[in-house]
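>>> Fold the following, please.
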Amino acid sequence: GAPPEGQQIQFHSDGNLFLERFFSILPGYDFVHADEGSKSGNDSTPSAAFTIFDGVPLPESLPPGNLLIINPQAGSDPAAANPAIAVTGTFTETGLLRQTDSPILTDVNRQNIHVASAQTVSAPGLEPLLEAEGGPLLLAGEVDGRRIVLITFDIRQSDLPLQIAFPILMANITEWLSPGRAMTTGAEL
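Now for the predicted structure:
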């Protein structure tokens, strides 16, 4: 079988250095570009800790396991779109109004985060954690027994990656999406 120490994170993206940098230094995970994975195999490996879709249209059927979805795109073919999460538009009223108490937002200072625009999404079953005037910026929840985190904006079109909040938020999301993993943050001291 696969080596037990590295859990795979499958990454579907048109390229995002911020995410690649963060996950490449995260201990205990193997960061795998989905398009580099074995195309001959039936799909992603079942051992994937979770799957990231960043700035790409979602497939009609999502891969097994938990998901982190960032800046989802409306596909060219609405019939092939994912039924659970639909992109219906874009909004630019991204000033933050509300924050929900969630483990994903522990120690995340959202005050300094500025976002150019975000996607309007229909995602029944996901709770808004960060809400702006135009709609949610961050949602999470459990749908069909899988945990999903949805960031509705392109993090490259925001100053989030420049903030200390970025690694904290990503670590919180990783922990929430792969429960039971001991995150080695050095907090044991």
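>>> just so I have it, where are all the strands in this structure?
7-13, 29-33, 48-54, 66-70, 86-91, 96-99, 118-122, 127-132, 136-143, 146-151 (DSSP state E).
>>> what angle sits between the longest one and strand 66-70?
Angle, strand 136-143 to strand 66-70, by axes from the mean of the first three to the mean of the last three CA atoms, to 10 degrees: 160 degrees.
>>> Distance from the chain centre to strand 136-143, please.
Centre-to-centre, strand 136-143 and its host chain are 10 Å apart (CA atoms, centre = their mean, to the nearest Å).
>>> Give the buried residues for that strand.
136-141 (16 or more other CB atoms under 10 Å). Bear in mind the C-beta positions are built from the backbone N, C-alpha and C, glycine included.
>>> Check the third one too.
Within strand 48-54, the residues scored as buried using 16+ other CB under 10 Å are 48-54.
>>> Ok, the second one next?
Of all the residues in strand 29-33, those buried under the rule 16+ other CB under 10 Å are 29-32.
>>> ok, now the shortest one?
Residues of strand 96-99 classed as buried by neighbour count (16+ other CB under 10 Å): 96, 99.
>>> Take the strands of the chain and lay them out in TSV including mean pLDDT and distance to Leu105.
Shown next, in TSV, are those (pLDDT from 0 to 100; distance: least, CB to CB, whole Å):
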stretch	mean pLDDT	distance to Leu105
strand 7-13	91	21
strand 29-33	88	21
strand 48-54	92	18
strand 66-70	96	15
strand 86-91	94	21
strand 96-99	90	6
strand 118-122	96	17
strand 127-132	96	6
strand 136-143	96	8
strand 146-151	96	11
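>>> Dump these into JSON lines; add distance to Ala171 as well.
Shown next, in JSON lines, are the strands of the chain (distance: least, CB to CB, whole Å):
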{"stretch": "strand 7-13", "distance to Ala171": "13"}
{"stretch": "strand 29-33", "distance to Ala171": "11"}
{"stretch": "strand 48-54", "distance to Ala171": "13"}
{"stretch": "strand 66-70", "distance to Ala171": "12"}
{"stretch": "strand 86-91", "distance to Ala171": "27"}
{"stretch": "strand 96-99", "distance to Ala171": "18"}
{"stretch": "strand 118-122", "distance to Ala171": "22"}
{"stretch": "strand 127-132", "distance to Ala171": "15"}
{"stretch": "strand 136-143", "distance to Ala171": "15"}
{"stretch": "strand 146-151", "distance to Ala171": "12"}
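>>> Select, from the buried residues of strand 136-143, the two members most distant in space.
Leu137 and Gly141 (14.9 Å; CB to CB).
>>> Now do Ala79, the pLDDT please.
On pLDDT, Ala79 comes in at 74.
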